[in-house]
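[1] I'll drop the sequence and a predicted model, then ask my questions.
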Amino acid sequence: MTRSDRELDERLQIAVKLAEQAGQGTLKHFQQPRLAVERKSDNSPVTIADQEAEKFLRAELLRAFPDDSFIGEEYGEIEGSSGYCWVADPIDGTKSFISGVPLYSTLLGLLFEGESLAGVIVLPALDECVYAARGRGAWFRKGTAVVKAQVSHRTSLRDAIFVTSQVDSFSRRNAAGAFQALQERAYVTRTWGDGYGYALIATGRADVMVDPAMNLWDAAAILPVIEEAGGRFTDWQGNRSIRSGEGLATTPSLLDEVLQITRSYPKPS
């Protein structure tokens, strides 16, 4: 199958609009004391906000592009025939969401024939959005202002801000040493994770993000945003991938220094 620039531009425009609407929809449940929290089979939490946002994205995207495929964290996959596939994480950082912490995001990625082409990171409670498409650059909206998104120019870990999602994930993966090494070598470490951490990388507010565990719906939106902002997104071995079950994002100048650490901790077979 082939794709056109017009198709990509049309899908990016609609993706930004719908991801922001889905994110806004989560706010009516945010910081509500009676928010019900269920547990999925893997014991991870899910709320009505996750479910509503994914249903909205699936319905609206497939209404606009009925031949596209759709993969969501909560409700699985709907197969299409166009070669395009939407990948959604309605709330990335559900634990933050249910705790009333505003550092959660709505993620929407677009694949074509398996290759990640576009991504949107919406931070509803912060009124921020970072989005990108292949060859179109990355853009950062804060309130009503939109500026080009760009990674930082830092070249050494000793000057870098290192962020990550859950520190205990390193231990569960038998990679606590990786976190310790990164923390010792970085200028400062903060656990600003999930989609928010990657938004910080894409906008130059942090420099290294390392995830010991990622799903497709976590990574699909991230790769094009980071790359179009001038950064690199790889797995712990340096492979450009959204399917490795792990990830790291950083500036090109910092990548080798980070990989020197993460390559010492291969993923358990």
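    Arrived safely.

[2] how about low-confidence regions in the stretch 1-150 of the chain?
    The model of the stretch 1-150 of the chain has no residue with pLDDT under 70.

[3] my read: residue 95 touches residue 47, true?
    No. Under the criterion of C-beta atoms under 8 Å, residue 95 is not in contact with residue 47, lying 10.6 Å apart. Bear in mind the C-beta positions are built from the backbone N, C-alpha and C, glycine included.

[4] neighbour count winner among the two?
    Neighbours of residue 95 and residue 47, each counted by other C-beta atoms under 10 Å, are more numerous for residue 47; the result is 21 against 15.

[5] how about the strands in the stretch 101-250 of the chain?
    When secondary structure is read from DSSP state E, counting those that start in this stretch, the stretch 101-250 of the chain shows strands at 105-112, 115-123, 128-133, 137-142, 145-148, 161-164, 188-190, 208-211, 232-234, 247-250.

[6] Can you name the next helix or strand after the last one?
    It stands for strand 247-250. Heading C-terminal from strand 247-250, the first helix or strand you meet, by DSSP states H and E, is helix 252-262.

[7] From the chain's centroid, how far away is that next one?
    For helix 252-262, the distance between its averaged C-alpha position and the chain's averaged C-alpha position is 20 Å (C-alpha atoms, centre = their mean, to the nearest Å).

[8] Next: stretch 241-252.
    Relative to the chain's own centre, stretch 241-252 is displaced by 10 Å; criterion: C-alpha atoms, centre = their mean.

[9] Next, the buried residues of it.
    Using 16 or more other C-beta atoms under 10 Å as the test for burial, stretch 241-252 gives 241, 242, 245, 246, 247, 248, 249, 250, 251.

[10] before we move on, what about stretch 166-186?
    Along stretch 166-186, these residues count as buried under the neighbour rule (16+ other C-beta under 10 Å): 169, 170, 173, 175, 176, 178, 179, 181, 182, 185, 186.

[11] coming back round to it: for the strands of the stretch 101-250 of the chain, please prepare TSV with the additional fields distance to residue 35.
    As requested, those are arranged in TSV below (distance: least, C-beta to C-beta, whole Å):
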stretch	distance to residue 35
strand 105-112	17
strand 115-123	19
strand 128-133	22
strand 137-142	27
strand 145-148	31
strand 161-164	26
strand 188-190	26
strand 208-211	26
strand 232-234	32
strand 247-250	29
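
[12] Quick check: which of those strands is nearest to residue 61?
    Across these, the minimum distance to residue 61, taken as C-beta to C-beta, is reached by strand 105-112, at 8.3 Å.

[13] Could I have the CA atoms of that closest one written out in CSV?
    Presented in CSV, the C-alpha positions along strand 105-112 are these (Å, rounded to 0.1, in the frame of the first residue of the first chain):
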residue,chain,number,x,y,z
SER,A,105,-1.5,12.3,29.6
THR,A,106,-3.7,11.1,26.7
LEU,A,107,-1.5,9.4,24.0
LEU,A,108,-2.5,8.9,20.4
GLY,A,109,-0.2,7.4,17.8
LEU,A,110,-0.6,6.7,14.1
LEU,A,111,1.1,3.9,12.3
PHE,A,112,1.2,3.1,8.6
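
[14] Can you spell out which helices and strands pack onto that strand?
    Contact here means 3 or more C-beta pairs under 8 Å, 6 or more residues apart in numbering; DSSP states H and E; on that basis strand 105-112 packs against helix 5-26, strand 84-92, strand 115-123, helix 194-202, helix 216-219, helix 222-228.

[15] Can you convert these into TSV and add a column each for mean neighbour count and distance to residue 76?
    Below are the helices and strands packed on strand 105-112 laid out as TSV (neighbours: other C-beta atoms under 10 Å; distance: least, C-beta to C-beta, whole Å):
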stretch	mean neighbour count	distance to residue 76
helix 5-26	18	17
strand 84-92	28	11
strand 115-123	26	19
helix 194-202	28	21
helix 216-219	22	11
helix 222-228	27	21
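
[16] Which stretch among these approaches residue 51 most closely?
    Relative to residue 51, the nearest member of the helices and strands packed on strand 105-112 by C-beta to C-beta is strand 84-92, separated by 7.5 Å.
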